[in-house]
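> Generate coordinates for the sequence data below:
(2 chains, ligands or ions: 1)
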Amino acid sequence: MKETSPLNLYKQLPQTNCQKCGETTCMAFASGLIARSKKIEECPPLVEEKKYAKKLAALKSIIAPELKMVYIGVGDKQLKVGGEDVMYRHQMTFFNKPPFAYDVTDNMEEAKLVERVKKVSTWKKFYIGKWERVEMIAVRSVTDDPAKFAACVKKVMENTDYPLILCSFNPAVLKAGLEVAGKARPLIYAANKDNWKEVAQLANDYKVPVTLSVPFDLDGLKSMAVTFAEMGLTDLILDPGTAPNGKMLQQTLLNFINLRRAAVEEAQRDIAYPVIALPINAWMTTDDPVRAAYWESVLTAAFTIRGAAIMVKHSVEAHSMMPDMHLRFNIYTDPRTPVQVKPGLYKVGNPGAESPVFVTTNFALTYYTVESDIASNGIDAYILSINTDGIGVQASVAGGQLTPVKIKDSMDETGFDWAGQKSAGLVLPGMAAKFSGELEDLFAGKAKIMVGPEDSGRISDWMKSFWPPK
Amino acid sequence: MAGKMTLSDLNKTLSEMNVQSLEGVKIEGDIEIELDAGAGGVGPLFAYYFGQEAAKIAMQLINFAKAVGYPVDALMQPVAVAQAVAPAPAGMVAAAAAAEPAFKVAAQLASAKFSVGTDKTWKLPIQEVTVGATKADGGSRGVVRKLGGEKAMAFFPDAPMPNAPKITMDVFDMPIGMAKAVKMHYEDVMGSPAEWAKKAVNKFGADLVTIHLISTDPLLKDTPPQEAVKVVEDVLQAVDVPICIGGSGNPDKDPILLAKAAEAAQGERALIASANLNMDWEMIGKACKDNGHVCLAWTQLEINSQKELNRKLMKVVGLPRESIVMDPTTAALAYGLDFAYTNMERIRLGALKGDDELTFPMSSGTTNAWGVREAWMVRSPNKEDSDWGDRMLRGPIWEIMTGFTLAMAGVDIFMMMHPMAVSYVHEITQSLMGLIEAKTPDTTGWLKMGV
Ligand code: SF4
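The predicted model follows:
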């Protein structure tokens, strides 16, 4: 959406201020549309009443994302791919994190195949209050045998409901896979300069999104996208080629940047489709599995930051999945959402007269990490969240936003009744250990000042050794 | 009234009651509904359902007409209307599907050209800053390192990057606690900053070394500044690459310490780390100016503070532009990297677009990555997490990802620790500049590869 003025969207709304959308005015709803925090469907009159049909159509075209959004999969695992509006995340936010599709092959032993599929589809990590996961399986045809491929796809589907990418340049193989998985709306990879006619027919027959693979030839890629669009096939993913090394790697990044620019900065609609990156290609550069996995992560980072909408990956080791997931999370976090929690005293579990008070800052990430470390270990405690302007412990100790006086004042403001505590203990983060002397003076015996672990992940062990205070 | 009302009367009455006309539907003469097929440009199925819609309206009209006394029943066959609102007969659906324009594969590929412009809003280049001085320039370094000079975002097509990002490896003036994966590389040199610096340069490929004088921290050894700076001389003797000199982070002591260190390294054009708004930045800036060093201006994830500190160093202290590098703070992967990344990206974009208070190279304290639990903890504190694997492999990649991500935002110099992380950040940044030759495999080969 290029539109930045709510007024121009307001013109296409019913203008009745009926409040069915939950906003008090149509103007407020228009602002929500600009920020993409509201969807057209949330204005019932506009969608339901025939007389607004023209406005609805006009509004839909105004707010369509600059980069087309393609749906892959069905049901609650369906993925939105693309749909971006900006070049840099601070300009608004990036919306749809690129799904990670991990490969399996049609020549794997069944037990290994099932194990790998299960590993990918059950992988999870807790982060800032939620479970983070990966999203897809890419089935590669190594045998080039349609029957083997179909059997493999079937086995995969029996073991996961994650959406699939069916990967082969052989239309007969793709067709065999689609016979099994077609209804689950997989992405097919890929049409190229040799097979595009047959693959176009398949994309039409099975109504599935299709990848166009024209490596290192953006004229050719655009030509194919235009051709497919003219045939009525617009659920397209572009593969401009991912070279894992050498000068071609530089060219790869330049292509990604140029494609994103054409889509969101120059509104070139005939090339504004989501782009696929192939960090898996790192595995063709080395036989050393650590080196391959590290390099795959590095490629993942490069293309997550500069515009890939979906990726095919290989390493399912923790030292790959953890950093890659976190990097993607960090880049796709909405920078418009607040990063601070309200300063004050929080209760975790059912704290009472024998519970410790843990000191931390009001940086949301710090706070929620401490909270989850306390809660997930079944500890009852108080957390004093101090206003450090949303800066974490280490940085605020260094920068002066967290000081002994501030800790004392913040504690006093909560009106906490130290006298009523059987075990009166204020636990400093290990990173703020140097404040303990000054705090002892400030608290003058009202509470025992204790130094906690440097990482709140060790609070549970710390409690065993040091709590209650002697 | 009966018998006298016409359809036009009815229409008029309806419009008075604020019922709007339907597009594509005309009502003429004796109750006769005409469908304008052009309105939707549609096939038979649509017309069928649209007809249903029209039939419903007709029913409403009839009811209304009845209510106002028009003799409808005599004129209409209700059966026909009832039929019109029933589901579409199967035969009709099939016929409609057949009538849909058939999908036709194109005979040949279109011939289109792709082109895209560059960003015309980028007007100012980033200042190029040289760290280190050779004999000819009054120092004793064998090489110098140039930072900055970009005319575009890092690795963008608009303009080539004149200088590859550099890495300075951390050396401490006393043994410190480190993650196991890091410690194993330094155990043999922990007691000797000079040996440590040599190892970083000769074995691990450091472009520069940073000697952190942390023993001066009043809470550690409280080493007096005069004594601490002797280590700076040792390191200058041990290696011939440019150096950075860091304090302990104590805001009261660092200015005094760094001023002393600046004197001890006079003429070497070291990077002095760092001046901060919460300490006597003026003293540090002045020491840099008087002794020919580069000043690292450190702020905490806040673009306006960065502008303020840069301005003060230029205007109040009088530091020349080519003697300032910024450290806008590195929050690591999974621990605020999004803030660090976006803060740096905004600083760099602001500079390129013409804010001359921000046109300086950027530095990243990438070693911060080791503070993140995922980088060093043996296993997850959360029992339901999928297995965290081997921490010896998790740590280095944490440092790599933190550093490389910030390279994409525009960082020119990285302070790092793990040898593997140093080598990967070198390799990927130089690859993206096109500086590394390698045989690229067939990029579609993954489809059938054996792993
Ligand atoms: S629901 Fe629609 S018409 Fe009603 S106030 Fe909201 S935007 Fe306006």
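> CA only for contacts and neighbour counts going forward, please
Fine.
> Show the end-to-end separation of stretch A:241-250, please.
In stretch A:241-250, first residue to last residue: 12 Å (CA to CA, to the nearest Å).
> For that stretch, give me every contacting residue.
Residues from elsewhere that reach stretch A:241-250, judged by CA atoms under 8 Å, 6 or more residues apart in numbering or on different chains: A:213-216, A:252, A:277-279, A:281-282, A:285, A:299, B:431-441, B:443-444.
> Spell out which parts of the stretch 251-400 of chain B neighbour chain A.
Proximity of the stretch 251-400 of chain B to chain A, by CA under 8 Å from any CA of the partner chain, involves residues B:278, B:300, B:333-338, B:342, B:346, B:373, B:380-382, B:384-391, B:393-394, B:397-398, B:400.
> what about 7 Å?
Residues of the stretch 251-400 of chain B lying near chain A by CA under 7 Å from any CA of the partner chain: B:278, B:333-334, B:337-338, B:342, B:381-382, B:385-389, B:393-394, B:397-398.
> now, which of those residues lie within helices?
Among these, DSSP state H puts B:337, B:338, B:342, B:393, B:394, B:397, B:398 in helices.
> my guess is the third one contacts residue A:90, does it?
Yes: under the contact definition of CA atoms under 7 Å, residue B:342 touches residue A:90, with a separation of 6.5 Å.
> in the stretch 51-200 of chain A, which spans are strands?
Under the criterion DSSP state E, counting those that start in this stretch, the stretch 51-200 of chain A contains strands at A:69-72, A:79-82, A:100-105, A:125-127, A:130-132, A:136-140, A:164-167, A:187-191.
> now swap in chain B and tell me
B:25-28, B:32-35, B:128-131, B:145-148, B:166-172, B:208-212, B:243-246, B:271-276, B:294-298, B:324-327, B:362-364, B:411-416 (DSSP state E).
> wait, does the last one contact chain A?
No: on the criterion CA under 7 Å from any CA, strand B:411-416 is out of touch with chain A, staying 14.4 Å away.
> Quick check: mean pLDDT of that strand?
On average, the pLDDT along strand B:411-416 is 98.
> what angle separates it from strand B:208-212?
60 degrees (axes from the mean of the first three to the mean of the last three CA atoms, to 10 degrees).
> Just name whatever secondary elements strand B:411-416 is in contact with.
When contacts are defined as 3 or more CA pairs under 7 Å, 6 or more residues apart in numbering or on different chains; DSSP states H and E, strand B:411-416 sits against strand B:166-172, strand B:362-364.
> repeat for the longest one
Contacts of strand B:166-172 with other secondary structure elements, assessed using 3+ CA pairs under 7 Å, 6+ apart, are made with helix B:193-198, strand B:208-212, strand B:411-416.
> who's in contact with residue A:113?
For residue A:113, the contacting residues are residue A:104, by CA atoms under 7 Å, 6 or more residues apart in numbering or on different chains.
> Ignore what I typed, I meant residue A:263.
Per CA under 7 Å, 6+ apart, neighbours of residue A:263: A:66, A:67, A:269, A:271, A:272.
> are any of the residues you listed buried, and which?
Using 16 or more other CA atoms under 10 Å in any protein chain shown as the burial test, the contacts of residue A:263 include A:66, A:67, A:271, A:272 as buried.
> hang on, the last one packs against residue A:69?
No: using CA under 7 Å, residue A:272 is not in contact with residue A:69; the gap is 9.5 Å.
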